[in-house]
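> Sequence first, predicted coordinates after that:
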Amino acid sequence: MKERFRDDQKHKILAEKMQYKLISEVEITPREVEKFFYSIPNDSLPYFKSEMEISEIVLVPKVNDVEKKKALAKITDLRNKVLAGTLTFSEAASKNSQDPGSAIKGGDLGFAKRGSYVPEFEATVFSLAKDEISEIIETEFGFHFIQLTERRGNTVRAKHVLIKPEITKDDLDKAKAMLDSVRTEIVHDSLTFETAVRKYSMKNLPSYSNSGRVKNQNTNNTFFAADDLDPDTYFAIFELKPGDLSKPLEIQLPDGQKAFRLIKLNTISKPHKANLKEDFDKISGFAKESKKNEYFQKWLDKKRLETYISIDPMFKNCNIENKEMTP
């Protein structure tokens, strides 16, 4: 099957890359956006639902020293057993590691290039020799020890065991209280929201590098319709006015870790017919796509005139009406 479809897939991928290269050069000016908008008949203009823009601060509870020592003692014991040969690395990972994605594979993380891991983990894994087991390291996820299984140039394959210190109710309460005090400072203008993001929010969130503004992954912009938001977020901001902050909201991160989230409602629009004042960014996107399609069609038309097409004699009696084809 691979051989059968190889050429078709190759030509498809080449065509897609060629098209992407062509249309990636297309830019749009504000004047072109206006021209595109006014070319649409008024009765054909779309209606947009109410949409919101939000920002966030996500604070992760700090682990207390007692739980940190327990986690360190547990992973130290596991590493010692692996080094002594009383437990294989895969057994230690599958039975104890708290990274569910790799634990079911005996700790195997697969191949990864530089830049794939957090700095502490990456510095360690790339310093190991084949089959070497690292010392215990600490990252934002917890405590690890790592074994390098294979290296291919700038790519490595490794296993790891992860033990996370337990977050207690007291830790959660302290984090919630901290975020509530941050909220109070922002409300009383003692602290700007953007400064609070840099000081308190999780650094590996996309919103951190965007002053807290949250991006809609479905549309690739910062606007959310009500049904784009999860229920907890929607009801947290349901009664807010632009500029208001929600109460600290407990959330669960993708890795299962609990955290608290403070949400700011930046803007909210009413349902309305498309207009340049409120919807310039969206209309600009539509205009750019239209320009890309037009540009690519012109390129195709030009290439057709330059391309020789030979028609097999067996089709000579077919009624082919195409001035660009030469029999």
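Cool, the structure landed.

> If we ignore the residues flanking it in sequence, what's nearest Glu32?
Spatially, and ignoring its direct neighbours in sequence, Glu32 is nearest to Ala287 (6.1 Å; CB to CB, 6 or more residues apart in numbering). Every C-beta, even on glycine, is put in place using the N, C-alpha and C of the backbone.

> Could I get the buried residue list for the longest helix that the chain contains?
The single longest helix within the chain, with elements called by DSSP state H, is helix 276-306. Buried residues in helix 276-306, defined by neighbour count with 16 or more other CB atoms under 10 Å: 278-279, 282-288, 291-292.

> what's the answer for stretch 47-64, then?
By neighbour count on 16+ other CB under 10 Å, the buried set for stretch 47-64 is 48, 51-61, 63.

> Closest to Ile137 out of those?
The closest of the buried residues of stretch 47-64 to Ile137 turns out to be Val63 (CB to CB; 15.6 Å).

> From Val26, how far out is the residue nearest to Glu32?
11 Å (CB to CB, to the nearest Å).

> Tabulate the CA atom coordinates of stretch 298-314 in PDB.
Extracted in PDB, the C-alpha atoms of stretch 298-314 (Å, rounded to 0.1, in the frame of the first residue of the first chain):
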ATOM      1  CA  LYS A 298      -4.100  33.900 -11.400                       C
ATOM      2  CA  TRP A 299      -0.900  31.900 -10.900                       C
ATOM      3  CA  LEU A 300      -2.700  28.700 -12.100                       C
ATOM      4  CA  ASP A 301      -4.100  30.400 -15.100                       C
ATOM      5  CA  LYS A 302      -0.700  31.700 -16.100                       C
ATOM      6  CA  LYS A 303       0.900  28.300 -15.600                       C
ATOM      7  CA  ARG A 304      -1.700  26.600 -17.700                       C
ATOM      8  CA  LEU A 305      -0.800  28.900 -20.600                       C
ATOM      9  CA  GLU A 306       2.900  27.900 -20.200                       C
ATOM     10  CA  THR A 307       2.300  24.200 -19.800                       C
ATOM     11  CA  TYR A 308       2.200  21.700 -22.700                       C
ATOM     12  CA  ILE A 309      -0.500  19.100 -22.400                       C
ATOM     13  CA  SER A 310      -0.400  16.100 -24.600                       C
ATOM     14  CA  ILE A 311      -3.600  14.100 -25.200                       C
ATOM     15  CA  ASP A 312      -3.300  10.400 -25.900                       C
ATOM     16  CA  PRO A 313      -4.500   9.400 -29.300                       C
ATOM     17  CA  MET A 314      -7.100   7.000 -27.800                       C
END
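
> for the protein, what are the low-confidence residue spans?
Where the chain drops to pLDDT under 70, the residues are 320-327.

> Break it down into its domains, please.
2-47+279-315, 51-62+183-273, 65-163 (automatic domain parsing).

> Start and end of the shortest one, how far apart?
Put plainly, it is domain 2-47+279-315. Length of domain 2-47+279-315, first residue to last, CA to CA, to the nearest Å: 31 Å.

> between whatever helix or strand Ile57 lives in and helix 276-306, how big is the angle?
Counting by DSSP states H and E, the element that carries Ile57 is strand 51-59. Counting by axes from the mean of the first three to the mean of the last three CA atoms, to 10 degrees, strand 51-59 lies at 100 degrees to helix 276-306.
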